[in-house]
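Trainee: Provided below for reference: sequence and predicted model.
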Amino acid sequence: MRYISTRGGIAPVRFKDAVMMGLADDGGLLLPESIPAFSAEELESWRTLTYPQLAFNVISRFVDDIPAADLQALIERSYATFNHPEVTPVVQKDGVYILELFHGVTLAFKDVALQFLGNLFEYILHERNERLTIVGATSGDTGSAAIHGVRGKAGISIFILHPHGKTSPVQAQQMTSVLDENVHNIAADGTFDDCQDIVKELMGDLAFKQKYSLGAVNSINWARVLAQVVYYIYAWLRVAEKGQKVLFSVPTGNFGDIFAGYMAQKMGLPIEKLLLATNENNILTRFINQGDYSVGSVVQTLSPSMDIQVASNFERYLYYLFNQDGGRVSAAFTQLKTEGKISFSNEELQQVRQDFCSASVGREETLATIGRFKRETGYLLDPHTAVGVRAAQQLETGTTPVVCLATAHPAKFGDAVVEATGEPVPVPPAIAQLEGLPTRCVRMAADSEQVRNFIIATVG
Ligand SMILES: Cc1ncc(COP(=O)(O)O)c(C=O)c1O
Ligand SMILES: N[C@@H](CCOP(=O)(O)O)C(=O)O
């Protein structure tokens, strides 16, 4: 399988090179040259597979430069760290299915892909005898999952930028209490979008990227999206009958998670609709419902990991929306830079509404959903998941099974959950043990030159 850029400006690369390249060298995002499909019969034959077995079946279709036995071992090692035998179990509550994606080491869905990516990096670096300097941006969850995916690994240094004071206290503690020598946290005075811009700018400086062997852990890295495709299929196998269509509700920020669902659908998974749920940072909801893709300011909400305006993976979707025309994608991003918006034709917007539906859920509705769900089912939702659940409950779905992605454990966002329920949140050991741990973090302006100099001074 070869990978191409959404902007059409690079020669195709193979999987391992795509993983190491992260952001495509022409500034675009990497995608497989073609999408491997599965049949309804094949899907049926996967019903009895364990999560790692299914992951191998799906991921191996996109990878032809790692021997099967090595890939299988790598996948098994990645999911052995999860504290649930099913890895991503599905539970049924109040008429919807909840796909629990928070049983990994840092209690958020990011662990599903970042345990895999950490092991993949280690494998490729060992094979090539190379080093890697990871530069990543986080609104709270990617950072801790990436740090836990690569902490202590030989040949890897990791620099994670988060917006100072804008993550939950648990998220900040999870990142900054990791004191391994290869881990460097930067608290930037700005928003997640500022942090993501810095990462893209540094990765876009090809001389710097090459000299310091920069790598990406954000979902700009194709391997992140690929690993996330698996749990859509896993969930479908648990809730649907042969051929039955399912609706997935996806709390959305950077568009990586819902794009993985879009890929699963393109591979052949019977998906009725992907419901894109946003908090008050609702640019993508405005886009889907009104065709208005104009960038606003990031606002702080109860679901801080979704406090994002410019979603990086939206570019991957645009590539398909624009009939795989890299020139049109480049033009769209030039327009975004100069005018702060992207314009679409009526036909394109019609297609968007076939692919997605969308709703934005505000603070009061999020709190009310967590409170009501707890009272009526005894189940605690985190604020991100609550956005997806509320969005789904507003829809007329008839007999279509609805799967809501539970993207984080509620204890990561204790303040919001206490405000919603009036009760303390049971704290899992992974969070309880963080209390009082020493931390290390450098605070800096959201300025790419300062970050660049810090990286140079640190890795030498
Ligand atoms: C808990 C949680 N929910 C939802 C999201 C949104 O996912 P995505 O950025 O892939 O759209 C994030 C951040 O990525 C998150 O950390
Ligand atoms: N919500 C994310 C933001 C980064 O998203 P990614 O999927 O592109 O890594 C976070 O928690 O950091």
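Mentor: It's in. Ligands and ions are numbered 1, 2, ... in the order given.

Trainee: Helices of the stretch 301-450 of the chain, residue ranges please.
Mentor: Assigned by DSSP state H, counting those that start in this stretch, the stretch 301-450 of the chain shows helices spanning 314-321, 326-339, 346-355, 363-377, 383-393, 414-421, 429-432, 448-459.

Trainee: Rebuild the ones you listed as TSV, extending it with mean neighbour count, distance to ligand 1 and mean pLDDT.
Mentor: C-beta: built from backbone N, CA, C; applies to glycine. Formatted as TSV, these follow (neighbours: other CB atoms under 10 Å; distance: least, CB to the nearest ligand atom, whole Å; pLDDT from 0 to 100):
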stretch	mean neighbour count	distance to ligand 1	mean pLDDT
helix 314-321	22	10	98
helix 326-339	15	18	97
helix 346-355	13	15	98
helix 363-377	18	12	98
helix 383-393	29	4	98
helix 414-421	19	12	98
helix 429-432	14	14	96
helix 448-459	15	21	98
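
Trainee: would you list these in CSV and tack on distance to ligand 2?
Mentor: Shown next, in CSV, are these (distance: least, CB to the nearest ligand atom, whole Å):
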stretch, distance to ligand 2
helix 314-321, 11
helix 326-339, 17
helix 346-355, 19
helix 363-377, 16
helix 383-393, 9
helix 414-421, 15
helix 429-432, 16
helix 448-459, 16
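
Trainee: nearest to I10, of those?
Mentor: For these, the distance to I10 is smallest for helix 326-339, at 9.7 Å, taking CB to CB.

Trainee: and for that closest one, what are the contacting residues?
Mentor: 5-9, 27-28, 295, 310, 315, 318-319, 322, 341-343 (CB atoms under 8 Å, 6 or more residues apart in numbering).

Trainee: change it to 7 Å
Mentor: Under the contact criterion CB atoms under 7 Å, 6 or more residues apart in numbering, helix 326-339 has outside partners 5-9, 28, 315, 318-319, 322, 341-343.

Trainee: a markdown table for these, including distance to K16?
Mentor: Putting these into a markdown table (distance: CB to CB, whole Å) gives the following:
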| residue | distance to K16 |
| --- | --- |
| S5 | 16 |
| T6 | 20 |
| R7 | 21 |
| G8 | 22 |
| G9 | 20 |
| G28 | 19 |
| E315 | 22 |
| L318 | 26 |
| Y319 | 22 |
| F322 | 28 |
| K341 | 37 |
| I342 | 32 |
| S343 | 37 |
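
Trainee: buried subset of those residues?
Mentor: Neighbour counting with 16 or more other CB atoms under 10 Å marks 5-8, 28, 315, 318-319, 322, 342 as buried within these.

Trainee: what about the strands in the stretch 51-200 of the chain?
Mentor: 90-93, 96-100, 132-137, 156-163, 183-189 (DSSP state E, counting those that start in this stretch).

Trainee: Can you get me a residue count around H126?
Mentor: 12 (other CB atoms under 10 Å).

Trainee: From M21, how far off is it?
Mentor: In this view, H126 and M21 are 18 Å apart by CB to CB, to the nearest Å.

Trainee: Could you double-check that L125 sits in contact with T133?
Mentor: No: judged on CB atoms under 7 Å, L125 makes no contact with T133 at a distance of 11.3 Å.
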